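>>> Quick one, fold the following:
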Amino acid sequence: MNHIGTQYIETERLILRRFELSDAPAMFANWASDDEVTKFLTWPTHTDMSVTEGILEQWVAQYRQDDCYRWAITLKGNGPQSIGGIDVCRWREDGAVPEIGYCMGRRWWHQGIMSEALGAVLDFLFERVGVERVEAEHDTNNPHSGGVMRKCGMVFDGVREKAGKNNQGVVDMARYVLKAGDR
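Presented below is the predicted three-dimensional model:
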């Protein structure tokens with residue numbers, strides 16, 4: 001594995017880039033302050049822009065670490081406005097298996113945007129970082145997230161009962177896996 005940190009990624013419709021402190025207004029307005037977006041997430045809805053600013057300060061500082069992979073999702077032609085985020089939210093086992101997490105503003109749901117972003121991040125992790133396996137999980141009550149994973153070739157690996165905690169409480173988690181060479 002070759003950790004190279006968060007790098008600029010461009011797709012047909014998207015630019016995935018590092019978050020910046022100047023992303024606070026768009027992040028707050030587009031998704032962090034929306035209870036529907038954060039419903040199945042592990043962090044609470046931001047009630048004030050200062051919360052978003054504090055999170056971004058932490059994220060920007062983490063870019064100094066080569067094993068930090070966190071992208072702002074932006075639409076080409078929409079300027080630098082971030083509409084969501086995608087990241088390696090944790091490394092499992094011996095630090096060799098990344099788990100992906102993502103969220104995006106409601107206005108952009110069901111347009112294939114998150115599938116495009118996830119596909120690009122999977123390509124990056126397999127081809128440039130050299131991981132052998134990627135995992136992702138979602139609350140079983142949020143099947144659309146699983147649809148994104150399946151669309152990107154991830155394979156359902158089972159349900160872990162009462163294995164997660166999010167803004168809905170303790171929940172069952174569906175796990176998806178993709179291995180190098182299976183894409």
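>>> Return the set of buried residues in stretch 26-40.
Neighbour-count burial for stretch 26-40 flags 26-28, 30-34, 37-38, 40 (criterion: 16 or more other C-beta atoms under 10 Å). Yep, even glycine has a C-beta here, placed from its N, CA and C like the rest.
>>> Looking at these, which are in strands?
Counted as lying in strands by DSSP state E, out of the buried residues of stretch 26-40, is not a single one.
>>> quick one, strands of this structure?
9-10, 14-17, 70-75, 82-92, 97-104, 133-139, 155-166, 169-179.
>>> Report how many residues lie close to residue 146.
19 (other C-beta atoms under 10 Å).
>>> quick one: contacts for it?
Residue 146 makes contacts with 138, 156, 174, 176, as judged by C-beta atoms under 8 Å, 6 or more residues apart in numbering.
>>> quick one: pLDDT of it?
Note for residue 146: predicted pLDDT of 97.
>>> With residue 176 instead?
At residue 176, pLDDT is 98.
>>> For it, list each beta-bridge partner.
residue 136, residue 156 (DSSP bridges).
>>> For PyMOL, write a command that selects the buried ones of the contacts of residue 146.
Restricted to buried positions by 16+ other C-beta under 10 Å, the PyMOL selection for these reads:
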select buried, resi 138+174+176
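>>> Now render the contacts of residue 146 as a markdown table, adding distance to residue 5.
Formatted as a markdown table, the contacts of residue 146 follow (distance: C-beta to C-beta, whole Å):
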| residue | distance to residue 5 |
| --- | --- |
| 138 | 26 |
| 156 | 30 |
| 174 | 29 |
| 176 | 25 |
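>>> Out of the contacts of residue 146, which is nearest to residue 45?
Residue 45 lies nearest to residue 138 out of these, by C-beta to C-beta, at 18.2 Å.
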